[in-house]
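> give me a 3D structure for the following:
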Amino acid sequence: MNGCAAYYTVEEGNTIFSIAELFGTSPESILRLNPSVDPNNLEVGTRLCVVSATVQPVQCPPGSIAYNINRGDTLGTIAERFGTTAENILLTNPTLDPYNLRIGQRICIEQPIPELPDCKTRNFYVIRSGDTLGAIAASFGVKASEIRAANPGINPNNLTVGSVICIPLAPSPIDVIINVAAKRLTVYKKGSIYREYIIATGKPETPTPIGNFTIINKELDPGGPYGTRWLGLSKRGYGIHGTNNPPSIGTAASNGCIRMYNEDAEALFDMTPIGTSVRILP
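As a prediction, this is how the structure comes out:
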């Protein structure tokens, strides 16, 4: 997908038409950018090019995230969803016309630095739009009541997008396999492929370690070359993380760590408990 400026990872329930609407483009344009994709058989986890490099996407400043305007959105509803104000959104997007929001238009939402709860397990989860306590519990193999006990004061009927909660440790349904040669990170859920991501690996002079490891810590917004998420491995000094250098993804460019696009690292962070096994293949 050379000449691509923006990507989208297919999620369950997506169609080529819903993705096109999300980005304010056409299904035909997406298919031209992804000639090998079957629009009638979109596989969850497939990475699609949705914006050509000839179109300059919005580059959000550090401390903010990109959001694509959907049908029915207003500044007020967007602000409420992200726990901010319409005034703050306009400050972050000075050229935005609040009376002419276009479907697919990308804006930046300033994110407050999350206050980390005192998690004994150090196993954090960042609430996303559409989450329910039951769904979060099921994905980690724990009970909703256990999550409530680990997070006193949480309101299961009013989960705030972007808030951080503690997840009790449980046997992980997730396994991660990294193929250094293919520059691919594959997530297996209960033995079946669940997600697949393009990654960057170590340079020849600073290779990525090969072997079987586990995730031993997680950190929100480490910043700099580590991007928005860090998942530390049991191999001291190595981890899986985001990046401030997106063009390096797909190459051998790191000092041995596994780099991911920030949005991919965020998704992996949320689905992966501490204790998850990570197998790195040559």
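
> the biggest strand by length in the chain: what's the following helix or strand?
When the chain is parsed with DSSP state E, its longest strand is strand 211-220. Where DSSP states H and E defines the elements, the next helix or strand beyond strand 211-220 is strand 229-233.

> still on that earlier bit, show me what counts as buried in the longest strand of the chain.
Within strand 211-220, the residues that qualify as buried are 213, 215-216, 218-220, counting by 16 or more other Cβ atoms under 10 Å. Just so you know, the C-beta spots here come from the backbone N, C-alpha and C atoms, and that holds for glycine as well.

> Ser139 belongs to a strand?
No: under the criterion used here (DSSP: H, G, I helix; E, B strand; the rest coil), Ser139 is helix, not part of a strand.

> what about it, how many neighbours?
17 (other Cβ atoms under 10 Å).

> how about the contacts made by the residue nearest to it when sequence neighbours are not counted?
Nearest residue to Ser139 in three dimensions, chain neighbours excluded: Met271, at 6.6 Å (Cβ to Cβ, 6 or more residues apart in numbering). The contact partners of Met271, by Cβ atoms under 8 Å, 6 or more residues apart in numbering, come to 139, 174, 187, 194-195.

> filter those down to the buried ones.
Buried among the contacts of Met271 (16+ other Cβ under 10 Å): 139, 174, 187, 194-195.

> what are the pairing partners of the longest strand of the chain, and which direction each?
Taking DSSP bridges as the criterion, strand 211-220 pairs within the sheet with strand 229-233 (antiparallel), strand 277-281 (antiparallel).

> pull the CA atoms of the first one into CSV?
Output for strand 229-233, consisting of C-alpha atoms alone and laid out as CSV, is shown next (Å, rounded to 0.1, in the frame of the first residue of the first chain):
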residue,chain,number,x,y,z
ARG,A,229,1.5,2.8,25.0
TRP,A,230,4.2,0.5,26.5
LEU,A,231,4.0,-3.2,27.2
GLY,A,232,7.2,-4.4,28.9
LEU,A,233,8.5,-7.9,28.3
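
> please enumerate the helices of this protein.
Ranges of helices within the chain are 16-23, 27-33, 75-82, 86-92, 133-140, 144-150, 262-271, based on DSSP state H.

> and Asp221, how many residues sit next to it?
When neighbours are counted by other Cβ under 10 Å, Asp221 registers 15.

> can you check Ile258 too?
By the criterion of other Cβ under 10 Å, Ile258 has 26 neighbours.
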